[in-house]
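Visitor: Predicted model and sequence below, questions to follow.
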Amino acid sequence: QVQLVESGGGLVQAGGSLRLSCAASGRTSSTSTMGWFRQAPGKEREFVAAIRWSGSSTWSADSVKGRFTISRDNAKNTVYLQMNNLKSEDTAVYYCAAGRSIVVVISPYEYSYWGQGTQVTVSL
């Protein structure tokens, strides 16, 4: 099993920044890819960004490119999501996810493990 714990959410004004963290524990060696998803009230869960534990491959949704950056610290088994120039439409619960042998990184169904989520609220 793999446990994921997110932190770093909160309330921020539009144009501000937040950095989310996702600490992974347990059998992290069984996972290859870490992802961030978000879900706003009344909407489906959507892909935000993903990164492999090895190599340099990263992916980001078009809606966050140029504003959000995903990174990792393998020594700490932690993945980060740096969010800059936040907009009101970024308001959502942000979830960290992990999976193995993921091909379609943007699909939440490819991920086996999920964190409890952290709320991000962007005010105007």
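Guide: It's in.
Visitor: so W36 makes contact with V48?
Guide: Yes - contact criterion Cβ atoms under 8 Å: W36 and V48 qualify, at 4.2 Å. For the C-beta atoms, the positions are set from N, CA and C on the backbone; glycine is no exception.
Visitor: any shared contact partners between these two?
Guide: By Cβ atoms under 8 Å, 6 or more residues apart in numbering, W36 and V48 have these common neighbours: L81, Y94.
Visitor: Now do the same for the residue nearest the centre of the chain: its pLDDT.
Guide: Central residue of the chain (Cα atoms, centre = their mean): W36, 2.1 Å from the mean position. Turning to W36, the model gives it a pLDDT of 98.
Visitor: What strand or helix carries it?
Guide: strand 33-39 (DSSP states H and E).
Visitor: Just the buried positions in that strand, please.
Guide: Of all the residues in strand 33-39, those buried under the rule 16 or more other Cβ atoms under 10 Å are T33, M34, G35, W36, F37, R38.
Visitor: Thought A97 was touching the second one, still the case?
Guide: Yes - here M34 lies in contact with A97, judged by Cβ under 8 Å, at a distance of 7.1 Å.
Visitor: could I get stretch 74-81 in CSV with only the CA atoms?
Guide: The C-alpha coordinates for stretch 74-81 follow below in CSV (Å, rounded to 0.1, in the frame of the first residue of the first chain):
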residue,chain,number,x,y,z
ASN,A,74,13.0,11.6,-4.4
ALA,A,75,14.9,11.7,-1.1
LYS,A,76,11.8,12.9,0.7
ASN,A,77,9.3,10.9,-1.4
THR,A,78,7.5,14.2,-1.9
VAL,A,79,5.9,15.8,-4.9
TYR,A,80,5.2,19.5,-5.1
LEU,A,81,2.8,21.7,-7.1
